[in-house]
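Trainee: Pasting the sequence and the predicted coordinates here, then a few questions.
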Amino acid sequence: MALLNILTYPDPRLNKVAKPVAQIDERIRTLVADMLETMYEAKGVGLAATQVDVHERLLVMDVSDERNEPLVVINPRVVWKSDEIVLGDEGCLSVPGFSGDVERYAEIHIECENERGDTYKIEATELLAVCIQHEMDHLMGKVYVEYLSPLKRGRIKTKLLKEAKEAERDAA
Ligand code: NI
């Protein structure tokens, strides 16, 4: 297994739209294992393939307190969503140090495959519902900061670009 590099906003690669996973094979199982390791190491609750610069419809999540209930979601399809909307504070491993309020469906049901190619259904509420929607947005090339006000988004962008430039300079 290996830790993968997580892209940081506003990296334009975060705006790429992912293609369906064509075949669930060893390459995909290795990617899943590496993404889970990367997500746990970064203490995140979810990670989309887009964030590690792989543009295929795949994401991993774990919203359990014990961090021992990994969920592998390949080629997710939304089959139902609630009328009820909830507003919650979200963060993202690609937007370190920030969070912001985003509206999401309170409940969402998806169908997807796991890393063995089995089709299964997730009926998600609360944090898991928010996480699924956040990660599925990544697969569409969308980062949650796009829901924030232009002012807040601008502040985040400026700060993260400055940090990236400093990191580059320190590495040189
Ligand atoms: Ni994210």
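Mentor: Happy to help now that I have it.
Trainee: Give the rounded mean pLDDT of stretch 7-25.
Mentor: Here stretch 7-25 scores 98 as its mean pLDDT.
Trainee: Okay, buried residues for it please.
Mentor: Across stretch 7-25, burial judged by 16 or more other C-beta atoms under 10 Å covers Leu7, Thr8, Tyr9, Pro10, Asp11, Leu14, Lys16, Ala18, Val21, Ile24. Where C-beta positions appear, they are placed from N, C-alpha and C, glycine not excepted.
Trainee: so the second one touches Val95, yeah?
Mentor: Yes - under the criterion of C-beta atoms under 8 Å, Thr8 is in contact with Val95, at a separation of 7.5 Å.
Trainee: Find the residues that touch each one of these two.
Mentor: Leu160 (C-beta atoms under 8 Å, 6 or more residues apart in numbering).
Trainee: Okay, Ile156 and Val145: tell me how far apart.
Mentor: 6 Å (C-beta to C-beta, to the nearest Å).
Trainee: more crowded one of these two?
Mentor: With neighbours defined as other C-beta atoms under 10 Å, Ile156 and Val145 compare such that Val145 has more, 24 against 20.
Trainee: returning to that earlier point: what's the closest of the buried residues of stretch 7-25 to Glu37?
Mentor: Taking C-beta to C-beta as the measure, Glu37 sits nearest to Leu7 out of those, at 16.9 Å.
Trainee: Farthest pair within the buried residues of stretch 7-25?
Mentor: Pro10 and Ile24 (31.5 Å).
Trainee: Now do Arg169, the pLDDT please.
Mentor: Arg169 is given a pLDDT of 93.
Trainee: Please name every helix or strand in contact with the strand ranked longest in the chain.
Mentor: Ranked by number of residues, the top strand in the chain under DSSP state E is strand 71-81. Strand 71-81 sits against helix 26-41, strand 58-61, strand 107-113, strand 119-125, helix 126-139, with contacts defined as 3 or more C-beta pairs under 8 Å, 6 or more residues apart in numbering; DSSP states H and E.
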